[in-house]
Every structure is written in C-alpha cells, then in structure tokens.
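[1] Build me a model:
(chains A and B)
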Amino acid sequence: GQQLNQSPQSMFIQEGEDVSMNCTSSSIFNTWLWYKQDPGEGPVLLIALYKAGELTSNGRLTAQFGITRKDSFLNISASIPSDVGIYFCAGQNNNAGNMLTFGGGTRLMVKP
Amino acid sequence: NAGVTQTPKFQVLKTGQSMTLQCAQDMNHEYMSWYRQDPGMGLRLIHYSVGAGITDQGEVPNGYNVSRSTTEDFPLRLLSAAPSQTSVYFCASSYVGLAGADTQYFGPGTRLTVL
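    Coordinates of the predicted model:
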C-alpha cells in the first residue's frame, strides 16, 4: 500500500533549537494532517490543513499544505523536552473511504 | 467525554486463537476505523465504517472482521490469529460532514502479540 515519504526518520536536537520535517507523496491529497504520538498512546492531532498553500500555526508549531497538494512540512520552534515523540504526517481524500495514508514517522529526541 | 476507548490494552494469543478487540466512542461520531501500526511504519487502515450497519475494507483487511451494530461500538475480530498480526491496533472516530470525514481522533491502542 502507499505510504507517504516522511523525512527525516529521526532527529536528535538540543533544547531550544528549531525543527523541520516534511512529507511528500506521488498522489494528491485534499487534506494534510500532522499527528504526534507519545509512547504507549494513540496519535494526537496537532494541525489540520485543508487548502493548497495554507499555512497554519498552533503555538510553536507551524505547518504548510504544499501548492501541488503532494507535500507538507511541519516546523517546531524553540524545542522543549516535552516535544519528544514520534510525529506523523497523514494525507486524506474524501473520496477514498476517508482513509488516512500515513508517513513513516519522525522520531524526535530533545536533549535538555 | 471519555473519547475513544479501547480494550484490552495488552493481549497475548497463540496462533489459531480468536479474539475481539473492543472500541467504543461517546462523541456520537458516524465514522469509525481500525488501523494497525508496525515498527518503523505509519498506521495502515484495516476496516472502516461510515455509520451503524455499514462497514468496508481498508488497505489491509485480510484476517480481520468488523461489525457496526451501534453508533458507539466498532469491534475488530481476529478469527484465527497469526504471528503476522502481532501489532499495535488503534481505533479512531470522527464526524462525517459535507466534505467527508472530519478530523479523526484515536484511542490509546491495543498491543497484540501472537505467538
């Protein structure tokens, strides 16, 4: 099955640094979503993007829906230890059973 | 609201055994779905339902059955467990608006090991 190409696979950064991760796809999506998953928990929605070119912020998080509708990025500014976790991008099309297609995840580790 | 709840949290099965993973939501969401998550991979859709009495297959449906007799519950059945079904299973739910399913909310997951 199709998966989104998410990079990087992992990042180990110093507290206070900015983080950037992205997803690309060979297919177009109507919606791009970014989730964070903590150990032993289900994914929690961070940001949802509904229009090509849309730039949306949620606190220190900023995400953009690519103009081609085939990519998206997530930035985290001034990282803190609680940002540790796995971040997943997901694409969604309303005409495909509303199935979410997930990227492979970016594991973020923050050194205090 | 409790949101999306899943039971059990952990389960160990022997090959060939059957079991049902439970999922319930109290948000009156029409859309419910089951995903599996394997190491190093994102989640993959197993089955989904757009309302009571309606189910359909996702990306990886083989070996799993579902039913949706009520809006609140969406159980996932493994009829004859296989080691390849060792995974973490997540249930999710959302509203269905004019543009399709809205943002999906995930349960805490069931970690299944098949020996």
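
[2] how about the residues of chain B near chain A?
    Proximity of chain B to chain A, by Cβ under 8 Å from any Cβ of the partner chain, involves residues B:4, B:31, B:33, B:35, B:40-45, B:48, B:50, B:56, B:58-60, B:90, B:92, B:94, B:96, B:99-101, B:103-109. No exception for glycine: its C-beta is placed from N, CA and C like everyone else's.

[3] Can you flag which of the residues you listed belong to strands?
    Within these, residues falling in strands by DSSP state E are B:4, B:31, B:33, B:35, B:43-45, B:48, B:50, B:56, B:90, B:92, B:94, B:96, B:100-101, B:105-106.

[4] Among the residues you listed, the buried ones, what's the PyMOL command?
    The PyMOL selection below is limited to those of those classed as buried (16 or more other Cβ atoms under 10 Å in any protein chain shown):
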select buried, chain B and resi 4+31+33+35+43+44+45+48+50+90+92+94+100+101+105+106
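
[5] and the residue lying closest to residue A:14 once chain neighbours are set aside, what is it in contact with?
    For residue A:14, the nearest residue in space outside its immediate sequence neighbours is residue A:111; the separation is 5.3 Å by Cβ to Cβ, 6 or more residues apart in numbering or on different chains. Shown in contact with residue A:111 (Cβ atoms under 8 Å, 6 or more residues apart in numbering or on different chains): A:12, A:13, A:14, A:15.

[6] Among those residues, pick out the one closest to chain B, please.
    Proximity of the contacts of residue A:111 to chain B was ranked by Cβ to the nearest Cβ; the top entry is residue A:12 with 17.0 Å.

[7] what helix or strand is that closest one on?
    Taking DSSP states H and E as the definition, one finds residue A:12 inside strand A:10-14.

[8] Provide the strand pairings for the helix or strand following that strand, with the direction of each partner.
    If you walk from strand A:10-14 toward the C-terminus, the next helix or strand you reach (DSSP H and E) is strand A:19-24. Pairing partners of strand A:19-24, with direction, according to DSSP bridges: strand A:5-7 (antiparallel), strand A:71-76 (antiparallel).
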